[in-house]
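**Q** here is the input, now give the coordinates:
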Amino acid sequence: MKELKCPKCGSVFTVDEADYASIVSQVKNAEFHDEVERRLREMQERQKTEEELAVSKVEKKYQDALSRKDLEISGLKSSVSESESKLRIAIMEEQRKAAETLQGKDKEIAELKASAEISRQKAVNYVNTQKEQYEAKLKMMQEQVDYYKDLKTKMSTKMIGETLEVHCSTQYNQMMRPLLPNAYFEKDNDASSGSKGDFIFRDYAPDGTEYVSIMFEMKNEADETATKHKNEDFFKKLDADRRTKGCEFAVLVSLLEPDNELYNSGIVDVSYRYDKMYVIRPQFFLPIISLLVQTSKKSLEYKQQLAIAKSQSIDVTNFENQLLDFRDKFGRNYRLASEKFQTAIDEIDKSISHLQKIKDALIGSENNLRLANDKAEALTIKKLTQNNPTMADLFEKARKSSQVIDETD
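**A** Numbers count the residues shown, from 1 in each chain. Presented below is the predicted three-dimensional model:
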């Protein structure tokens, strides 16, 4: 028999062995059940805490990663914005400089064109003035020729009555000498070379430069024998005398071949036979002097104009060289600017490529974070205890205890 004391009233009573064993069994079952319940609660609370902690850690890591990526993205956006701003400013500055350079060159070209146009206009005006003067003088010479043609018959009769040399000398002294105060017109008395002409004419510019010289030979049929001569019989001697005395022109004043219409028509140029040689009738003596004087003066003017033209040509050449040099330099500056612009475009493309890589990396990071979140949401006790035998054993015992209690109830 066993004695038992009631914990509430303090009464002592006895029980047999069977009853005692039954009571002890009931007490043990109740305590075991309480212990299992308590441990299950603790494990559940611990598991919940661990799960919450794991989720919190994952969320914190995810949030930290997102924060870092946001900061990185913000920094990259700021860098890109700053780079784009600097690039725009640099491009605008280059465009401004290029525009200023172009404006300066356009102004320079305009000034050069204006200067060239002024020079061209002056040259045109000068040529027109000279042309008008030349035409006026030519008209005057033609009038003199026409005048002397009208006097041909009258003068021919008179000339036969006097020597041709005296007639020409008289005509010159009366008509030409007052007009040509610096001129020389005298008989050629120098026979040192074995031959001489009849008259030599020379005239000089105000500075003393000789600009015209003529060797004259006078031939009258009355001065010769009965043998008839032709004008060309005297060409060779006249040319030799011209060269010996250093004259530029040679003129045969002739009354020979009176019926030859060629020589009766006016001033005949025979330079195809002998250089700078003419044949005239006496009435053209003064006109040919005037003509050769004016022509030689014009030649002197042309020489002066040629010197001026050469100088202007040099100026035009310098202008063309400057224009070509400007074109080459401008082309070089344009090429360099284009290369710099292309370089800037290439750098922009590189920046875009770099940003695309960063974007791809961020997208990859986001995918990884999404996968991590999916894994966190799929986290279970079974997966947590898969590689942890101790925890798996405790959970298994707790599960079986729970089943025993449920069956007892």
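
**Q** now do the strands in the stretch 101-250 of the chain.
**A** Taking DSSP state E, counting those that start in this stretch as the criterion, the stretch 101-250 of the chain carries its strands at 184-187, 199-204, 210-219, 249-254.

**Q** closest to residue 81 out of the ones you listed?
**A** strand 210-219 (83.5 Å; CB to CB). From N, CA and C alone the C-beta is placed, and that goes for glycine too.

**Q** what's next to that closest one, contact-wise?
**A** Strand 210-219 has contacts (CB atoms under 8 Å, 6 or more residues apart in numbering) with 164-165, 168, 188, 197-205, 229, 231, 234, 237-238, 241-242, 245-256, 289, 292-293, 296-297, 299-300.

**Q** if we can go back for a sec, looking at the strands of the stretch 101-250 of the chain, which is nearest to residue 21?
**A** Short answer: strand 210-219, nearest of those by CB to CB, at 168.8 Å.

**Q** ok, that closest one: who's next to it in the sheet?
**A** Applying DSSP bridges to the sheet, strand 210-219 is found paired with strand 199-204 (antiparallel), strand 249-254 (parallel).

**Q** send over the following helix or strand past the last one as CSV, restricted to the C-alpha atoms.
**A** This points to strand 249-254. Per DSSP states H and E, the first helix or strand lying C-terminal to strand 249-254 is helix 261-264. C-alpha atoms of helix 261-264 as CSV (Å, rounded to 0.1, in the frame of the first residue of the first chain):
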residue,chain,number,x,y,z
GLU,A,261,49.1,101.9,-158.9
LEU,A,262,50.6,100.1,-155.9
TYR,A,263,52.9,103.0,-155.1
ASN,A,264,50.3,105.6,-156.2
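
**Q** next SSE after helix 261-264?
**A** Per DSSP H and E, the helix or strand that comes after helix 261-264 is strand 268-269.

**Q** tell me the strands beside that following strand, with direction?
**A** Here strand 268-269 is paired, per DSSP bridges, with strand 277-280 (antiparallel).

**Q** got the contact list for the strand it pairs with?
**A** Residues outside strand 277-280 that contact it (CB under 8 Å, 6+ apart) are 231, 235, 238-239, 242, 249-254, 263, 266-271, 288.

**Q** ok, and for stretch 52-61, which residues are buried?
**A** Under the neighbour-count criterion of 16 or more other CB atoms under 10 Å, stretch 52-61 has residue 58 buried.

**Q** mark which of the contacts of strand 277-280 are buried, thanks.
**A** Among the contacts of strand 277-280, those buried by neighbour count (16+ other CB under 10 Å) are 231, 235, 238-239, 242, 249-254, 263, 267-268, 270, 288.

**Q** which of those residues sit farthest apart?
**A** So, the buried ones among the contacts of strand 277-280 by CB to CB: farthest apart are 242 and 263, at 19.4 Å.

**Q** neighbours of residue 171, just the number please.
**A** Using other CB atoms under 10 Å, residue 171 has 16 neighbouring residues.

**Q** burial count for residue 218?
**A** Each residue near residue 218 was counted by other CB under 10 Å, and the total is 22.

**Q** which pLDDT value goes with it?
**A** For residue 218, the pLDDT comes out at 92.

**Q** and the one 3 residues further on, by the same measure?
**A** Residue-level confidence at residue 221 comes out at 69, pLDDT.

**Q** and what of the one 10 residues further on?
**A** Residue 231 is assigned 93 on the pLDDT scale.

**Q** next, residue 294: phi, psi?
**A** phi -70, psi -40 (degrees, to the nearest 10).

**Q** repeat for residue 180
**A** phi -130, psi 70.

**Q** quick check: residue 83 vs residue 350, distance?
**A** Counting by CB to CB, to the nearest Å, the gap from residue 83 to residue 350 is 11 Å.

**Q** quick one, which of these two is more surrounded?
**A** residue 83 (13 against 10).

**Q** my read is that one is in a helix, agree?
**A** Yes - assessed with DSSP: H, G, I helix; E, B strand; the rest coil, residue 83 lies in a helix.

**Q** what separation do you get for it and residue 356?
**A** For residue 83, the distance to residue 356 - CB to CB - is 15 Å.

**Q** could you do residue 219 as well?
**A** Distance from residue 219 to residue 356, counting by CB to CB: 108 Å.

**Q** more crowded one of the two?
**A** For residue 219 and residue 356, the more surrounded residue by other CB under 10 Å is residue 219, and the numbers stand at 21 against 10.

**Q** and residue 301, how far from residue 48?
**A** To residue 48, residue 301 is 123 Å away according to CB to CB.

**Q** correction: residue 286
**A** From residue 286 to residue 48 the distance is 144 Å (CB to CB).

**Q** quick one: which of those two has more around it?
**A** With neighbours defined as other CB under 10 Å, residue 286 and residue 48 compare such that residue 286 has more, 18 against 10.

**Q** element containing the more buried one, please.
**A** Assigned by DSSP H and E, residue 286 falls within helix 285-377.
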